[in-house]
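Engineer: Show me how the following folds:
(one chain, ligands or ions: 2)
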Amino acid sequence: MTTTERVAKVVLVDIEGTTTSISFVHDVLFPYAKENVNKFLRDSWKSDDTKQIVQDLQQVPQFADYKDTLSAPPAELDAELITGFVRYLIDKDLKVTPMKTLQGLIWAQGYASGKLKGHVYEDVPAAFQAWRDAGLRIGVYSSGSVAAQKLIFGHSIAGDLMTHLSAYFDTHVGHKQEQQSYENIAKSLEVAPEQILFLTDIPGEAAAARSAGLKAILLQRPGNAPLTDSQKSTYEVIPDFKPLYNLQLP
Ligand SMILES: CSCCC(=O)C(=O)COP(=O)(O)O
Ligand SMILES: [Mg+2]
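Structural biologist: Ligands and ions are numbered 1, 2, ... in the order given. Below is the predicted model of the structure:
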């Protein structure tokens, strides 16, 4: 296991498998979106936001694949067809940007009604506080939309954690396994890439971040996919944020 230098100006955190359990995302958030997508689309079908999302969803390459799975595709585009497509994307966990935007709008209703509360591991609020006390900035980079990120941290089981966060990035900045995305993030943060520490559960994301010059550490939270010996020797692997409570500015 390599050991990462304990200095950074910005800590960039992934959500699912890093700050938050995979189970919360897959067993609570995704089912909530699948259950409520039809009503959401019917209620808002004529709104500009929904019209834009529907238009963008039709441009997604997987839309044609989905229609091929239907024995009798509808002649006209309607809320039922888009509902089916959204559920198809969620089942395949495809991180398609307009679907992620739509999920965020649906979850907003769940958080507002109190049916949803964002899961965060117990070491997360303490780490956020310690890093901010040490003068570091904290940013989020997730495939979930920026709106969804703000909801999960703003309505978390540990209270409003948004007060700790100063930057949010989603797939509008690029996909998480692409080097260019991390270069874009460093540019946007106005920080040299090597001053950013990225925390994630996915080795492909850590590799992309590292190729852009960021530091990267892997999380092995309960329920995360097991890491190979090669991955464990390539990256520092930690079970939670506690080993990082003492991060300092360079
Ligand atoms: C922003 S909360 C929901 C997380 C989500 O939708 C998702 O796809 C998780 O992606 P991540 O990049 O955080 O692993
Ligand atoms: Mg993740």
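Engineer: quick one, domains of this protein?
Structural biologist: Domains of the chain are assigned by automatic domain parsing as 10-20+118-244, 26-113.
Engineer: if I look at residue 140, how far off is ligand 1?
Structural biologist: If you measure residue 140 against ligand 1 using C-beta to the nearest ligand atom, to the nearest Å, the figure is 8 Å. From N, CA and C alone the C-beta is placed, and that goes for glycine too.
Engineer: How about that residue: which residues does it bridge to?
Structural biologist: Applying DSSP bridges to residue 140 gives these bridge partners: residue 13, residue 168.
Engineer: ok, back up a step: quick one: the domains of the chain as JSON lines, columns for mean pLDDT and mean neighbour count too.
Structural biologist: Shown next, in JSON lines, are those (pLDDT from 0 to 100; neighbours: other C-beta atoms under 10 Å):
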{"stretch": "domain 10-20+118-244", "mean pLDDT": "98", "mean neighbour count": "19"}
{"stretch": "domain 26-113", "mean pLDDT": "96", "mean neighbour count": "16"}
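Engineer: between those domains, which one is nearest to residue 250?
Structural biologist: Evaluated with C-beta to C-beta, the domains of the chain place domain 10-20+118-244 nearest to residue 250, the distance being 6.5 Å.
Engineer: just so I know, which of the domains of the chain lies nearest residue 3?
Structural biologist: Of all the domains of the chain, domain 10-20+118-244 sits nearest to residue 3, with 5.7 Å by C-beta to C-beta.
Engineer: now the closest one: how far from the chain's centre is it?
Structural biologist: Its chain's C-alpha centre and that of domain 10-20+118-244 lie 9 Å apart, by C-alpha atoms, centre = their mean, to the nearest Å.
Engineer: The chain should start at 6 in everything you say after this.
Structural biologist: New numbering, starting at 6: the last item is domain 15-25+123-249.
Engineer: quick revisit: want to throw the domains of the chain into CSV with distance to residue 7?
Structural biologist: Shown next, in CSV, are these (distance: least, C-beta to C-beta, whole Å):
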stretch, distance to residue 7
domain 15-25+123-249, 5
domain 31-118, 28
